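Enquirer: Okay, sequence plus prediction incoming.
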Amino acid sequence: QKEVEQNSGPLSVPEGAIASLNCTYSDRGSQSFFWYRQYSGKSPELIMSIYSNGDKEDGRFTAQLNKASQYVSLLIRDSQPSDSATYLCAVYGGNKLVFGAGTILRVKS
Amino acid sequence: EAQVTQNPRYLITVTGKKLTVTCSQNMNHEYMSWYRQDPGLGLRQIYYSMNVEVTDKGDVPEGYKVSRKEKRNFPLILESPSPNQTSLYFCASSPGGAGGYEQYFGPGTRLTVT
């Protein structure tokens, strides 16, 4: 069974710092990789998608993909209290989307 | 407004009473999917549909059925609900194919089976 692993956290960072979230996956045939943010009681919302090795930047967010190491990460620069949420890593391959259990991020003001 | 809608949002039912949770999207997406979310387990895919002709099991399909008679709708059916199906359920859709598989989620349905 395909697996996506994330550290459950919580990861605590001070306001203005860089938050680094990591994810590993088991299926080498995976094609697409996503990061979602989920606030308590709400549905997940897409933050970033990445398809090829390297970095992809969008505002304060940078996604990094290393297919050889089967590793995806999300960096959040200048973290804000409003970034406090659960971050879900998702991997698509073989028609299925598999989610990690999520990392809780807490940004302290 | 582009959206995925689910109904009902909250449902309390008893063991064995058949129920249907509806899901509809207005984005002309091909790919639709159902997930359940439980504490500590994250989102787990129940069923997915590549298009109106192709539907397949996800990782936790036992006790569930789905139907994709038209592109916009993808209802989830629990023929005989049991307490272990108490969970938060999300429907999601994606363009699919070359359009990508970024999932757009509905607001969720919180189901309690007593």
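Expert: Yep, that arrived.

Enquirer: which strands and helices sit next to the lowest-mean-pLDDT helix or strand in chain A?
Expert: Sorting the helices and strands of chain A by mean pLDDT, DSSP states H and E puts strand A:96-99 at the bottom, at a mean of 90. Applying 3 or more CB pairs under 8 Å, 6 or more residues apart in numbering or on different chains; DSSP states H and E, we find strand A:96-99 packed against strand A:85-93, strand B:42-51. For glycine as for every other residue, the C-beta is placed from the backbone atoms N, C-alpha and C.

Enquirer: can we see that at 10 Å?
Expert: Taking 3 or more CB pairs under 10 Å, 6 or more residues apart in numbering or on different chains; DSSP states H and E as contact, the helices and strands that strand A:96-99 lies on are strand A:4-6, strand A:32-38, strand A:85-93, strand B:31-38, strand B:42-51.

Enquirer: CSV for these, including distance to residue A:15, mean neighbour count and mean pLDDT?
Expert: CSV is the format used below for those (distance: least, CB to CB, whole Å; neighbours: other CB atoms under 10 Å in any protein chain shown; pLDDT from 0 to 100):
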stretch, distance to residue A:15, mean neighbour count, mean pLDDT
strand A:4-6, 23, 20, 94
strand A:32-38, 17, 22, 96
strand A:85-93, 15, 23, 94
strand B:31-38, 29, 24, 96
strand B:42-51, 27, 21, 94
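
Enquirer: export those to CSV and tack on distance to residue B:10?
Expert: Shown next, in CSV, are those (distance: least, CB to CB, whole Å):
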stretch, distance to residue B:10
strand A:4-6, 28
strand A:32-38, 18
strand A:85-93, 21
strand B:31-38, 15
strand B:42-51, 19
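
Enquirer: Just tell me which of these ends up closest to residue B:74.
Expert: Ranking those by proximity to residue B:74 (CB to CB) places strand B:31-38 first, at 4.1 Å.

Enquirer: near chain A, anything from the closest one?
Expert: Yes. Between strand B:31-38 and chain A, judged by CB under 10 Å from any CB of the partner chain, the touching residues are B:31, B:33, B:35, B:37, B:38.
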